[in-house]
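J.: Next come a sequence and a model predicted from it.
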Amino acid sequence: MDRVAGESVDLLVIGAGILGASTALAAASAGARVAVVDRGDLAGATSSASSKLLHGGLRYLEMGDVGQVLRSHSERWATARVMAPQLAAPTRFLVPVFEDGPVPLWKARSGVAAYAALARWMDGRGGRISLSEAGRLVPDLAVGRARGVVVYHDHVTHDARLTLAVLQGAAERGAHVLTHADVVGLRFSAGRLVGADLVDRLGGASFMVSATAVVNAAGPWVDEVRRLESPSAGTSVRLSKGVHLLLRGGEGWSAAVTTPLSDGRVSFAVPWQGLLLLGTTDDEFAGDPSSVAATDQDAARILAEAAVALDRDALDPSLVVSRMAGLRVLPMSTGVTSRIRRGTVVSRGPAGMISVAGGKLTMWRAIGCDAARLALGRLGTGRRVEMPVRPLPGATPQALVERSIGRRYPALRDDVAANLARNYGTSALELLDRAGGRDMGRIHADGPDIWAQVPYAVSNEWAATVEDVLLRRMTVGLRGHADQEIRERVAAAITSPGPSQ
Ligand SMILES: Cc1cc2nc3c(=O)[nH]c(=O)nc-3n(C[C@H](O)[C@H](O)[C@H](O)COP(=O)(O)OP(=O)(O)OC[C@H]3O[C@@H](n4cnc5c(N)ncnc54)[C@H](O)[C@@H]3O)c2cc1C
């Protein structure tokens, strides 16, 4: 806050979701002085409510958008191989085909073959597998009812921690990151944007930031921020609500499941962080984006849609530990939201603000780079913004980090070491070294997160509230484990961020 208030930067980015984070990284990499601000937590909105997939997008193929699949595969691999391998788990996806299902077996089979080819067979070939193999890979799959099963490959990520890693990359290159700071107004001089007025949501102070260029990466609030620039700015996007459920389950699964539904959507069942992620819905949303929430009706529908392909025992409502709701930002068009292409919406406002929204988490590097290029081009410095495919902080394959943790901290249980390795990469070692042997106990007996992660989240990861820590830096909250005692202890660590007792 001290470093940002009253500061003068080349680029102010409004919104620290994945697109704001990547815009900040691209601009900082080009040598620009950058500040990125968010009215809530980093990744506090859409970027922690996604299906957690880095994917080429099998459905784009069905829509005939071959170019988008090619680009998405290429970006997926840039993240998985170089930029954040620990946050990209290569995953097989099984597509079960049923007698009365919407997609015939021949079409599913040729679809996954084309999908693999567009990924240049980097993940191997897609194709049909036997029902018995499918049953081995996903024990809860209702293979008895299936006509056949085909397989394709994508990656599974932790969306909020990927956003965090991108912001850490930006901060390493000098960007200021400020969360819980709301942009409430913009400043102009001779018709051009020159800065913004902000309010610190935690402390209440008002302050301003001067900026030569501004990028609006406010996600579902993109039009609200456009109206700060021009009150007459109309509506540029449509919103669609997507809900996910997290369930206890997924034990013994070594693949995810994508089930085609009769209305053209798919139902995902993805093993994630030792839980089972189910979703998602796709319903037009017209209200205040801050009010988006998962209802009982959404939850019942997701369980019913998952039951098309999974055994009912794995879908008992008592297994649900949490729900997530997010808003897709879609280009304006007519028709049902599930049929609209997931394109990025980019515009330049009358005072020069670049607004960027929509698109895919998978495409973070490319979209952020384009936004920063548009914004900084206006500076006329001649610098061309590039975002080279370089490792983000912590980038190392999970297995390597796990081995290093095992050597240095042999007393840590395997699930704890794996959890640290896949979410922090090499920063896990820094976290453990800093704890100096304290706080190694589990936060909750049934989860892999340990107390040492809490002070680290506060001092190294911009966590400022109990929710920031429990929902987005770790999975305690998502597992339904955040009881009063845990919340109080985290709150105490936030006020005195030394290693907790
Ligand atoms: C249900 C669902 C599933 C998805 N699944 C996938 C998937 O599996 N794979 C994939 O690639 N993509 C997926 N996507 C798309 C992807 O999640 C989004 O494209 C991406 O997260 C958008 O990021 P963003 O930064 O634009 O928006 P957000 O993450 O919403 O960030 C916008 C930020 O702006 C901040 N903000 C708003 N107004 C202000 C203001 N006045 N001042 C300061 N800050 C402000 C907000 O607090 C917010 O944090 C999914 C989307 C949804 C909704």
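T.: Cool, the structure landed.
J.: What backbone torsions are found at Arg328?
T.: phi -80, psi 140 (degrees, to the nearest 10).
J.: Helix or strand for the closest residue to it other than its chain neighbours, just tell me which one.
T.: Distance criterion Cβ to Cβ, 6 or more residues apart in numbering; nearest residue to Arg328, sequence neighbours excluded, is Ser240 at 4.5 Å. Placement of C-beta: from N, CA and C, glycine included. For Ser240, the host element (DSSP states H and E) is strand 237-247.
J.: for the closest residue to Ala30 other than its chain neighbours, helix, strand, or coil?
T.: Distances taken as Cβ to Cβ, 6+ apart put Val385 closest to Ala30, at 4.4 Å, once the chain neighbours are dropped. For Val385, the assignment made with DSSP: H, G, I helix; E, B strand; the rest coil gives coil.
J.: Quick one: neighbours of Val385, just the number.
T.: Using other Cβ atoms under 10 Å, Val385 has 22 neighbouring residues.
J.: The ligand contacts on the stretch 301-450 of the chain?
T.: Gly326, Leu327, Arg328, Ala357, Gly359, Lys360, Leu361, Thr362 (Cβ under 6 Å from any ligand atom).
J.: Recalculate using a threshold of 5 Å.
T.: Within the stretch 301-450 of the chain, the positions adjacent to the ligand are Gly326, Arg328, Lys360, Leu361, Thr362 by Cβ under 5 Å from any ligand atom.
J.: By mean pLDDT, point me to the weakest helix or strand of this protein.
T.: helix 58-62 (a mean of 86; mean pLDDT, DSSP states H and E).
J.: Now do the buried residues in it.
T.: Using 16 or more other Cβ atoms under 10 Å as the test for burial, helix 58-62 gives Leu58, Arg59, Tyr60, Leu61.
J.: Which of the residues you listed sits closest to Ser291?
T.: Ser291 has its nearest neighbour among the buried residues of helix 58-62 in Arg59, at 27.9 Å by Cβ to Cβ.
J.: what separates the closest one from the ligand, distance-wise?
T.: Counting by Cβ to the nearest ligand atom, to the nearest Å, the separation of Arg59 from the ligand is 11 Å.
J.: so that residue makes contact with Val266?
T.: Yes. With contact defined as Cβ atoms under 8 Å, Arg59 counts as touching Val266 (6.8 Å).
J.: Show me where the stretch 151-300 of the chain has its strands.
T.: Per DSSP state E, counting those that start in this stretch, the stretch 151-300 of the chain carries strands over the ranges 176-178, 181-189, 192-200, 206-216, 237-247, 256-260, 266-272, 275-279, 283-285.
J.: Serialize these to TSV and add fields for mean neighbour count.
T.: As requested, the strands of the stretch 151-300 of the chain are arranged in TSV below (neighbours: other Cβ atoms under 10 Å):
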stretch	mean neighbour count
strand 176-178	22
strand 181-189	17
strand 192-200	19
strand 206-216	22
strand 237-247	23
strand 256-260	25
strand 266-272	24
strand 275-279	26
strand 283-285	15
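J.: quick one: which of those is nearest Arg145?
T.: Counting by Cβ to Cβ, Arg145 lies closest to strand 256-260 out of these; the figure is 11.5 Å.
J.: list the contacts for Ala371?
T.: By Cβ atoms under 8 Å, 6 or more residues apart in numbering, Ala371 lies in contact with Leu19, Ser22, Thr23, Ala26, Val215, Ala217, Val346, Ile354, Val356.
J.: what about the helix or strand hosting the second one and the ligand, touching?
T.: Following DSSP H and E, one finds Ser22 within helix 18-29. Yes. Shown here: helix 18-29 in contact with the ligand (Cβ under 5 Å from any ligand atom) through Ile18, Leu19.
J.: For that helix, give the mean pLDDT please.
T.: In this model, helix 18-29 has an average pLDDT of 97.
J.: name the helices or strands packed onto it?
T.: Contact here means 3 or more Cβ pairs under 8 Å, 6 or more residues apart in numbering; DSSP states H and E; on that basis helix 18-29 packs against strand 8-14, strand 34-37, helix 159-172, strand 354-358, helix 364-377.
J.: any chance of the ones you listed in a markdown table, with mean pLDDT and distance to Asp200 too?
T.: Below are these laid out as a markdown table (pLDDT from 0 to 100; distance: least, Cβ to Cβ, whole Å):
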| stretch | mean pLDDT | distance to Asp200 |
| --- | --- | --- |
| strand 8-14 | 97 | 15 |
| strand 34-37 | 98 | 10 |
| helix 159-172 | 98 | 18 |
| strand 354-358 | 96 | 24 |
| helix 364-377 | 94 | 24 |
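J.: would a markdown table of the ones you listed with distance to Pro317 be doable?
T.: As requested, the helices and strands packed on helix 18-29 are exported to a markdown table (distance: least, Cβ to Cβ, whole Å):
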| stretch | distance to Pro317 |
| --- | --- |
| strand 8-14 | 39 |
| strand 34-37 | 39 |
| helix 159-172 | 25 |
| strand 354-358 | 33 |
| helix 364-377 | 34 |
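J.: Wait, the residue nearest to Ala30 touches Ala372, no?
T.: Yes. Val385 is in contact with Ala372 according to Cβ under 8 Å; the separation is 4.6 Å.
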